[in-house]
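K.L.:
Model the structure of this input:
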Amino acid sequence: MALSSKNQLRCAGRGFAALVRDRDGTAVIEMAIVTPALVALIVAILQTALAFLAQEGLETAAESAARLLLTGQAQTFQTSTSASGTSGMSGAQFQQAICGQLSYIPSGGTTAVTYGNGSLLPPFLNCSQLSVVVTDVGSATSATAATTSSDANTAPTFTFNSSGALTNNGSGTASGTVYNTGSTGGQGQILVVQLVYLWPTLSSLLGFSLSSNIANDQTNSRELVATQVVVTESYSCPTTPAVVTTC
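P.N.:
Numbers count the residues shown, from 1 in each chain. Okay, the predicted model is just below:
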């Protein structure tokens, strides 16, 4: 019995030693350990790259949107229902024009048409996530250090509720725009055009937090802001059927 026990212990020791020396399957075990972290790292890199891509797309859209005001197209916009003193795009119409969704009946016409040549946003940006803010700083001669400091040079503070709806556009109001129909953007005026977009992010993957350094909004989104500052040109002012108040 004693010899049998010794043999059993000796065999167990040999088996354990052989198991320690055996390297079969170690690569699989190591891969199983590092794969979750590797996948999370790759996804985080892709997520960051996509956020930068979205920012560049928004910057391009902001440049095109600002041009509508720079050249007076938004200020002199008229429809068949325009009345005296109300010519020009409203804030909602300006955002619709950016999204390629502004449908109207031209002055003197009877058939509705769509303004522009489609959306100014790239295909991967959704208009439902967009807010537009236009601020009139004043003319180059009338703008003071105080107005430019408060309106143009200070980083905007945009806040959203848990549903992603804009609650503060940087001017203390809940409206998506401070653009005034027909009275903003007179010739030679300085305008600050801001496009704000909530870019969704992936919060976590395989137990790793991915959005802590990317998301900056309570909806777990990345708040993207593209800003353009323009001085409006001398644009042609129609007199009928509506008087353009910015002329």
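K.L.:
mean confidence score for stretch 232-247?
P.N.:
Looking at stretch 232-247 alone, the average pLDDT works out to 67.
K.L.:
Repeat that for stretch 93-111.
P.N.:
82.
K.L.:
Could you work out the end-to-end span of that stretch for me?
P.N.:
Taking CA to CA, to the nearest Å, the span from the opening residue of stretch 93-111 to its closing residue is 18 Å.
K.L.:
List the buried residues in that stretch.
P.N.:
Of the residues in stretch 93-111, those scored as buried under the neighbour-count criterion (16 or more other CB atoms under 10 Å) are Q93, F94, Q95, Q96, A97, I98, C99, G100, L102, Y104, S107. From N, CA and C alone the C-beta is placed, and that goes for glycine too.
K.L.:
for stretch 48-58, same thing?
P.N.:
Using 16+ other CB under 10 Å as the test for burial, stretch 48-58 gives L50, A51, A54, Q55, G57, L58.
K.L.:
Just the ones in helices from the buried residues of stretch 93-111, please.
P.N.:
For the buried residues of stretch 93-111, membership in helices holds for Q93, F94, Q95, Q96, A97, I98, C99, with DSSP state H as the criterion.
K.L.:
Redo the buried residues of stretch 48-58 as TSV? Include pLDDT.
P.N.:
Compiled in TSV, the buried residues of stretch 48-58 are given as follows (pLDDT from 0 to 100):
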residue	pLDDT
L50	89
A51	88
A54	93
Q55	93
G57	95
L58	95
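K.L.:
Looking at the residues you listed, which are in strands?
P.N.:
Using DSSP state E, the subset of those located in strands is empty.
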